[in-house]
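# Attaching a predicted model along with its sequence, questions to come.
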Amino acid sequence: MASKGKDISAAHLYAQALLDLACAKGIEQAIAAELASIRQIVLDNHTFGLFLKDPSVSEHDRRKAIDAAFSGRIDVLLLNTLLVMNHKNRLGILVGVADAYQEMLDKKLGNINVDITVARELEPALLEEVRQSISTTLKKNALVHQKVDDRIIGGLIVQIEDKLIDGSVKKQLELMKRKLMAAAP
C-alpha cells in the first residue's frame, strides 16, 4: 500500500516538472495532447504497458523501444521525460503521470470537467449553451462530457467532481411519488 502512495507522489513530481518545463516553452497543451496519446497507447496495448514496467527488461532495451516508437513523433521534451523515467525505472507510473499532468494543466487553465447525462443527445448549439451556463455559474471553463441515458426520461443530471445535481424527470417523478406516499392516510 505504501508503494502505491509513493507511485502517486512520484507521478505528481514528474507531471509537475514536465508541466513547468512545457509552460516555459509555451507548449503545455501540445505536450498534454501527446501525453494523452501515449497514455492511451499504454492502456490499449497491455503488452506494451507490461513491457514498460517489467524489471527483467534492461534500461537499454526499453530505451531502444521508446526511441523506435516515439522519436521524431513527439516533442523532444516529452521524449526526454520518458527517457529519464526509463533511467529511473519509473515507466510503470506513466499513466499516473499523464493523469496528473492533465489535472494540473486543467487547474492552471481554470478548466473543470463536467459530466452531464441527458435522455437524448443534445444538439451542438444546445450543448454549447449548457456549457456556457455551467461555466458562468462556476466561474471556470467547463469541459462538458455528454452521456445519453434514456432511463432518465428527460431533464439533465450534472456531475461536477463529487457533486451531483439531478434535474432528471425520473428523479422528479420519484420525489413526487414519495410525497404522495407520505401524504397517504
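Happy to help now that I have it. As the structure is a prediction and not an experimental result, all values here were calculated from the model.
# Does residue 59 touch residue 90 like I think?
No - counting by CB atoms under 8 Å, residue 59 does not reach residue 90; the two are 11.2 Å apart. (Glycine included, C-beta is placed from N, CA and C.)
# Looking at the two now, which is surrounded by more residues?
Of the pair residue 59 and residue 90, residue 90 is the one with more neighbours under other CB atoms under 10 Å, namely 20 against 13.
# in stretch 63-70, what's buried?
66, 70 (16 or more other CB atoms under 10 Å).
# contacting residues around it?
Contacting residues not belonging to stretch 63-70 are listed as 38, 51, 78-79, 82-83, 86 [CB atoms under 8 Å, 6 or more residues apart in numbering].
# what's downstream of the longest helix seen in the chain, the next helix or strand?
Assignment by DSSP state H gives helix 2-25 as the longest helix of the chain. Counting by DSSP states H and E, the next helix or strand C-terminal to helix 2-25 is helix 28-44.
# Buried residues of that next one, list them for me.
Quick answer for helix 28-44 (16+ other CB under 10 Å): 28, 31-32, 34-35, 38-39, 42.
# ok, which pair from those residues is furthest apart?
28 and 42 (20.8 Å; CB to CB).
# can you pull the pLDDT of the residue nearest to the spatial centre of the chain?
Residue closest to the mean C-alpha point of the chain, counted by CA atoms, centre = their mean, is residue 99 at 5.6 Å. pLDDT for residue 99: 97.
# and what of residue 181?
89.
# Count the neighbours of it for me.
Neighbour count of residue 181, defined by other CB under 10 Å: 8.
# Right, I'll call it a day here.
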